[in-house]
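**Q** build me a structure from this.
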Amino acid sequence: MNARFFTLIVALVCSSSVVTAQLRLQMVADDGFEYLSLHGPTGVGAATIDGRIIIPQKFGNVFYMTSPVGGWFLVKAQGSKIEGAYTKTGQCIIPLARGYNNVIVMDEGWISVRMNDMYGACDMSGREIVPPIYEALRYDEDKGFQSMDDYGDFNDIGVWIPRREPKSEGTVTTRNQNQNGTMPIFVESDNSSYNDSSSSSTTSNQKQRKTCTRCHGEKTVVYERSVSAGRGLDRMMTTCTECGKSYDRTETVHRHETCTSCHGLGYY
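**A** Numbering: from 1, shown residues only. Coordinates of the predicted model:
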């Protein structure tokens, strides 16, 4: 009697495990997008209604989010607060390996990311365009990204959402074909310009490049902030090999990073 009862319990547990491993919940989002939410012992994932895997079944949680610029999947790591993002077709645009602990698609068409309570930004393809080094970050259609300083004021950092940079005379923004159908070629020289490869005369096609307003042509920018040194710690004075500045490593974080406005070119 007891043996039979134990066998029955084991059968029920095994049956329950099979059901859990194959649990599929049909979901309909606010924008009408339908998908299957997959739950099992390996984690949470997502699939199309006909069963094609969109999100691998390996995450702690998966949410489909809607925004004015489209729908996307937010994924959370198992056992941590690390987040990532996938498109609704299953393309991973922000992998967990980056270590962001907050990912939000903003209405203006950019992705807000946070790491260690500092904010940065990615474009809609997932490419990081502002490193997560700011205490607060916002976007202004006319001025681009702005960061908050210690006084609570927002200041321009010279970075715009790709393809939304303000157009100004003398700044090359596109590479359109000329009237004769040829494609202009960018010539690297002291007076870099767009030249028509089909003609030796380049006067009508030349446009001077614009020095990056963030790094001022230096290609890198200095990231520096104060940190709590703590009591009883010996001071560690050091000199930056790039700029020659002396600073206390126990009180200051000082490093040079590739300019995210011009992507290390020094110009637009």
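
**Q** could you use CA atoms for every contact and neighbour count after this?
**A** Will do.

**Q** let me see the ranges of the helices in the stretch 101-250 of the chain.
**A** Here the stretch 101-250 of the chain has no helices by DSSP state H, counting those that start in this stretch.

**Q** enumerate every residue touching G70.
**A** By Cα atoms under 8 Å, 6 or more residues apart in numbering, no residues touch G70.

**Q** before we move on, what about A77?
**A** With contacts defined as Cα under 8 Å, 6+ apart, A77 is in contact with F59, G60, N61, E83, L96.

**Q** who are the neighbours in contact with the last one?
**A** Put plainly, it is L96. Residues in contact with L96 (Cα under 8 Å, 6+ apart) are A77, I82, E83, G84.

**Q** which ones among those lie within strands?
**A** Members of the contacts of L96 lying in strands (criterion: DSSP state E): E83, G84.

**Q** just put the contacts of L96 in CSV and tack on pLDDT and distance to Y247.
**A** Listed next are those as CSV, based on pLDDT from 0 to 100; distance: Cα to Cα, whole Å:
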residue, pLDDT, distance to Y247
A77, 96, 38
I82, 96, 33
E83, 96, 34
G84, 96, 36
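
**Q** ok, the contacts of L96 vs D123, which is closest?
**A** Distances from D123 to those, taken as Cα to Cα, are shortest for G84 (13.7 Å).

**Q** so what sits opposite the nearest residue to P132 once chain neighbours are set aside in the bridge?
**A** Counting by Cα to Cα, 6 or more residues apart in numbering, P132 lies nearest to G120, which is 3.7 Å off, once chain neighbours are set aside. With beta bridges defined as DSSP bridges, G120 has these partners: V113.

**Q** quick check, nearest of the contacts of L96 to D31?
**A** Once Cα to Cα is applied, the member of the contacts of L96 that ends up nearest D31 is G84, at 21.1 Å.

**Q** contacting residues for the closest one?
**A** Here G84 is in contact with L74, V75, K76, I93, I94, P95, L96, Y100, V103 (Cα under 8 Å, 6+ apart).

**Q** now do the last one, the pLDDT please.
**A** Looking back up the chat, that one is V103. On pLDDT, V103 comes in at 95.

**Q** just give the nearest non-adjacent residue to it, would you?
**A** V113 is the one closest to V103 (Cα to Cα, 6+ apart), at 4.7 Å.

**Q** give me the pLDDT for that neighbour.
**A** 96.

**Q** is there a neighbour count for the residue nearest to E135 when sequence neighbours are not counted? I'd like the number.
**A** For E135, ignoring the flanking residues on the chain, the nearest one in space by Cα to Cα, 6+ apart is M118 at 5.0 Å. When neighbours are counted by other Cα atoms under 10 Å, M118 registers 16.

**Q** buried stuff in stretch 57-70?
**A** Q57, K58, F59, G60, N61, V62, Y64, M65, T66 (16 or more other Cα atoms under 10 Å).

**Q** let me have these in a markdown table, extended by pLDDT and secondary structure.
**A** Putting those into a markdown table (pLDDT from 0 to 100; DSSP: H, G, I helix; E, B strand; the rest coil) gives the following:
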| residue | pLDDT | secondary structure |
| --- | --- | --- |
| Q57 | 95 | strand |
| K58 | 95 | strand |
| F59 | 97 | strand |
| G60 | 96 | coil |
| N61 | 95 | strand |
| V62 | 96 | strand |
| Y64 | 95 | strand |
| M65 | 92 | strand |
| T66 | 89 | coil |
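
**Q** and the residues you listed, which two are furthest apart?
**A** K58 and T66 (22.2 Å).

**Q** any low-confidence regions in the chain?
**A** Residue ranges of the chain with pLDDT under 70: 1-21, 164-209, 225, 227-235, 260-263, 268.

**Q** got a list of contacts for stretch 44-62?
**A** Contacts for stretch 44-62 (Cα under 8 Å, 6+ apart): 26, 34-40, 42-43, 73-79, 86, 88-90.

**Q** what do you get if the cut-off is 7 Å, keeping everything else the same?
**A** By Cα atoms under 7 Å, 6 or more residues apart in numbering, the residues outside stretch 44-62 that reach it are 34-39, 42-43, 73-79, 89-90.
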